[in-house]
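Colleague: Structure here, sequence nowhere to be found:
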C-alpha cells in the first residue's frame with residue numbers, strides 16, 4: 001500500500017489505537033478523518049492538528065452511521081482507506097451482571113455490526129480508487145478467548161472471519177482488506193486491566209511496516225507467539241488466555 005496521499009477514515013479516533021493511527025497517517029501526509037463520541041475530545045485534537053477533520057457520533061446508532069456515510073460522500077468523496085477501529089469491552093459474568101442485555105447489545109453493535117455496515121456502505125466509494133483498503137482491528141483474543149470478556153471475544157472472532165471473507169470477495173478488485181491483530185494495548189479501554197501492555201505507538205509502527213508490504217493479517221507483538229502456541233497446542237493457548245494477561 002502507498003503510505004501517503006490517501007484520504008483515510010478512522011473510527012474511534014479520539015484516543016488509543018485510533019488516535020495513534022491518525023497521528024501517524026497525518027505525519028505521512030495523508031488527509032485524515034476521525035470519529036468519536038466526544039465532541040470535546042475531537043475538538044481538542046483538531047486544535048493540535050487543524051488539518052484533521054472529525055465526525056461526532058456513536059456508530060452503534062443507525063442514524064449516526066447513516067449521517068457519517070453522508071458526511072463522507074459529500075465532503076470526502078476521495079476516501080480510499082477505511083479503518084474500523086472503534087470498539088468497547090465490558091468484563092462481566094452472565095450469572096452476575098445486572099445490565100447484561102444492554103451490554104451485550106452495545107458490544108455487538110459497536111464491535112461487529114457497525115464495522116460490517118460501514119464497510120458495506122463505503123465499499124462502492126472505495127472501489128473507485130486503485131490504492132484502496134479496509135483495515136479492521138480485531139484482537140489476539142479471537143485465537144484464545146478470556147473468561148470475563150465473552151461477548152467482546154465473540155465479536156473479535158467474528159471480525160476476523162468477516163475480514164477474511166471480505167478479502168475473498170474483493171480479491172479481484174483494487175480494494176485490499178487488512179486485519180490488525182493486537183496484543184493488550186495501553187489504551188483508555190484497557191485501563192486497570194492486565195500487565196506488560198504495548199503502547200499504541202509501537203502497535204502503529206509494526207502495523208505500518210506490514211501495511212506497506214501488503215501483509216493482510218498483521219499480528220502485533222506477542223500475538224505472533226500466541227498464534228504459534230495455538231497451532232501446536234490449542235489447549236495450552238486457551239489455558240494461558242483464560243483468565244487474561
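Modeller: Great, that's in hand. Because the structure is a prediction, the values reported are computed rather than measured. Numbers count the residues shown, from 1 in each chain.

Colleague: what residue lies at the spatial centre of the protein?
Modeller: residue 85 (2.3 Å; Cα atoms, centre = their mean).

Colleague: How about the top helix by length along the chain, which residues are buried there?
Modeller: Scanning the chain for the longest helix, with DSSP state H as the assignment, gives helix 150-169. Judged by neighbour count (16 or more other Cβ atoms under 10 Å), helix 150-169 contains these buried residues: 150-160, 162-163, 166-167. C-beta coordinates here come from the backbone N, C-alpha and C atoms, glycine included.

Colleague: For it, name the packing helices and strands.
Modeller: On a contact count with 3 or more Cβ pairs under 8 Å, 6 or more residues apart in numbering; DSSP states H and E, helix 150-169 meets helix 100-108, helix 114-126, strand 132-137, strand 175-181.

Colleague: coming back round to it: quick one: which two of the buried residues of helix 150-169 are the most distant?
Modeller: The distance between the two most remote of those (Cβ to Cβ) is 26.6 Å, for 150 and 167.

Colleague: so what's residue 146 closest to, chain neighbours aside?
Modeller: Of all residues not flanking residue 146 in the chain, residue 244 sits nearest, at 4.4 Å (Cβ to Cβ, 6 or more residues apart in numbering).

Colleague: got it, and residue 10?
Modeller: residue 83 (4.3 Å).

Colleague: who does the one you found bridge with?
Modeller: residue 10, residue 135 (DSSP bridges).

Colleague: so where do the helices sit in this structure?
Modeller: According to DSSP H, the helices that the chain contains are 16-27, 39-48, 62-75, 100-108, 114-126, 150-169, 200-212, 223-232, 234-241.

Colleague: from those helices, which stretch is densest packed?
Modeller: Burial of those is given as mean neighbour count (mean count of other Cβ atoms under 10 Å); helix 16-27 ranks first at a mean of 22.

Colleague: Any chance you could list what contacts it?
Modeller: Contact partners of helix 16-27, identified using Cβ atoms under 8 Å, 6 or more residues apart in numbering, comprise 6, 8, 10-13, 32, 34, 36, 45, 49, 51-52, 83, 85-86, 137, 180, 182, 185, 187-189, 199-201, 203-204, 207-208.

Colleague: Residue 240 versus residue 93, what's the distance?
Modeller: 20 Å (Cβ to Cβ, to the nearest Å).

Colleague: again, but for residue 131
Modeller: Applying Cβ to Cβ, the value for residue 131 to residue 240 is 39 Å.

Colleague: just for the chain, where's the confidence low?
Modeller: 187-196, 245 (pLDDT under 70).

Colleague: circling back: next, format the helices and strands packed on helix 150-169 as TSV and append distance to residue 58.
Modeller: Formatted as TSV, these follow (distance: least, Cβ to Cβ, whole Å):
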stretch	distance to residue 58
helix 100-108	9
helix 114-126	9
strand 132-137	18
strand 175-181	22
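
Colleague: Please name the bridge partners of the nearest residue in space to residue 170 that is not next to it in sequence.
Modeller: Counting by Cβ to Cβ, 6+ apart, residue 177 is the residue found nearest to residue 170 once chain neighbours are left out, at 6.0 Å. Beta bridges link residue 177 to residue 134, judged by DSSP bridges.

Colleague: I'd guessed residue 177 sits against residue 138; true?
Modeller: No. If you go by Cβ atoms under 8 Å, residue 177 and residue 138 don't touch, sitting 11.9 Å apart.

Colleague: Give the residues shared as contacts by those two.
Modeller: The contact lists of residue 177 and residue 138 share residue 163, where a contact means Cβ under 8 Å, 6+ apart.

Colleague: With neighbour numbers in mind, choose between the two.
Modeller: More crowded of residue 177 and residue 138, by other Cβ atoms under 10 Å: residue 138, with 27 against 22.

Colleague: returning to that earlier point: state the distance from the residue nearest to residue 10 to residue 166.
Modeller: Taking Cβ to Cβ, one finds residue 83 at 14 Å from residue 166.
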